[in-house]
Every structure is written in structure tokens, then in C-alpha cells.
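Student: Show me the folded form of this:
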Amino acid sequence: MTAEGHLIFSIACAVFAKKAQLSPELAHGDWWHIIPASLLTSLLPDIDHPKSLLGQRLRWISQPIARMFGHRGFTHSLLAVAAGVFLLKTRLPHDWVIPIDALHGMVIGYLSHILADMLTPAGVPLLWPCRWRFRLPLISSQKGNQLERMFCLIMVGLTLFWPNWSPIIDAINPHGLSFILKYLT
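Tutor: Predicted coordinates:
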């Protein structure tokens, strides 16, 4: 998926997370915290690819990560999400002024990238270091793909205009994403 697709898809995921009230912090959070935070981290998993938008700008980080893990390796796994949440929780100074809803938005942005890459034929190794790849190939990942852009924009439209996501989420998983997000509180 392209950087543009990831950015658009992260908006859809952030809107969905807030409207579906995946955590109390997201439910009561400020849109101006959640959306920018989600956008901020939505490209982060591609730090493992030196030719990605972020990899080109942070080559000194990207190249060692690419050599160590390869593209769509560790950074595209649930282990990376757990490590990131752990680092945010344990290494941030207590007086640092990042609102909790923004931290939740950052997790949503990172997860949105992984979810979006699952929608491509290459999939992602969610359970890295296990080599299984999880995929639901709805989108081909050709550069400048109009289908990808349309799909992501449709997702934004659905999340914006769907009246209430909570009953659907409660039916699927009554605990929401609290198993990941509650660690941040």
C-alpha cells in the first residue's frame, strides 16, 4: 500500500475507533488529538523499508532495521505494537504532556498500517517471528493505484456516515480493544 493509502486509511480507523468507543479514552477523547496522532504513526511500520516515505527521511534508522528484519517483518507484527506500547508506558517521563487520547490515537495509527497491509496480497507476519502471513487481499499494492485510493476513501466515508458503530463492536467483542489500549492508562 502507498503512503497516501496508509494516511487515508488511518483516518478511517481513527474515526471508527472513536465512534465505536474502543476505549473510554478514545470515546471521550478530542478529535484534534486522535486524528493527528493516528496520522503521525500510520507510516511508522514502513521504517523497515529504506525506500518508503519515512525510510528515505530517516535512512540512518531505516537501513539497520531493514537489514535486521527485512520489509514487513518485526515492524508489521503485534510484537512491535506491544513493544511500542511498553516503551511509551515505561520510558516516557511522567510529566510529559502527551494526552492519553493521543497515545491511544498513536496505537490506532500503527495498527491501521498493519491492518491496511493485511489487505494486500503480501500480507503481514502478525505473529512474528513466526513466518505465517495474514492476508485478506482486497487491494493490489501497485504504486499510484486508484483502486487503493478509492477503497480508502470509501472506508473514511463509511466510518464518518455510519450512525453508530458501538452495537456492532459489542456484538463482535464486548471488551473492544481494551486488551491493548488499557495498558496505556
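Student: what helices or strands is the helix ranked longest in the chain leaning on?
Tutor: In the chain, assigned by DSSP state H, the helix with the most residues is helix 100-118. Counting by 3 or more CB pairs under 8 Å, 6 or more residues apart in numbering; DSSP states H and E, the packing neighbours recorded for helix 100-118 are helix 3-19, helix 24-27, helix 31-41, helix 78-91, helix 178-181. For the C-beta atoms, the positions are set from N, CA and C on the backbone; glycine is no exception.
Student: I'd like these as a markdown table, with mean neighbour count and distance to residue 131 appended.
Tutor: Output for these, formatted as a markdown table (neighbours: other CB atoms under 10 Å; distance: least, CB to CB, whole Å):
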| stretch | mean neighbour count | distance to residue 131 |
| --- | --- | --- |
| helix 3-19 | 23 | 23 |
| helix 24-27 | 20 | 33 |
| helix 31-41 | 19 | 25 |
| helix 78-91 | 14 | 13 |
| helix 178-181 | 16 | 23 |
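Student: Mind putting the ones you listed into CSV with distance to residue 58 and mean pLDDT?
Tutor: Putting these into CSV (distance: least, CB to CB, whole Å; pLDDT from 0 to 100) gives the following:
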stretch, distance to residue 58, mean pLDDT
helix 3-19, 14, 94
helix 24-27, 28, 91
helix 31-41, 14, 95
helix 78-91, 16, 90
helix 178-181, 25, 53
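Student: quick one: which of those helices is nearest residue 53?
Tutor: Nearest to residue 53, of all the helices and strands packed on helix 100-118, is helix 3-19, at 4.2 Å by CB to CB.
Student: chain center to the closest one: distance?
Tutor: Distance of helix 3-19 from the chain centroid (CA atoms, centre = their mean, to the nearest Å) equals 8 Å.
Student: Report all helices and strands that that helix contacts.
Tutor: Other helices and strands packing on helix 3-19, by 3+ CB pairs under 8 Å, 6+ apart, are helix 24-27, helix 31-41, helix 100-118, helix 146-161.
Student: Next, the angle from that helix to helix 100-118.
Tutor: Angle, helix 3-19 to helix 100-118, by axes from the mean of the first three to the mean of the last three CA atoms, to 10 degrees: 130 degrees.
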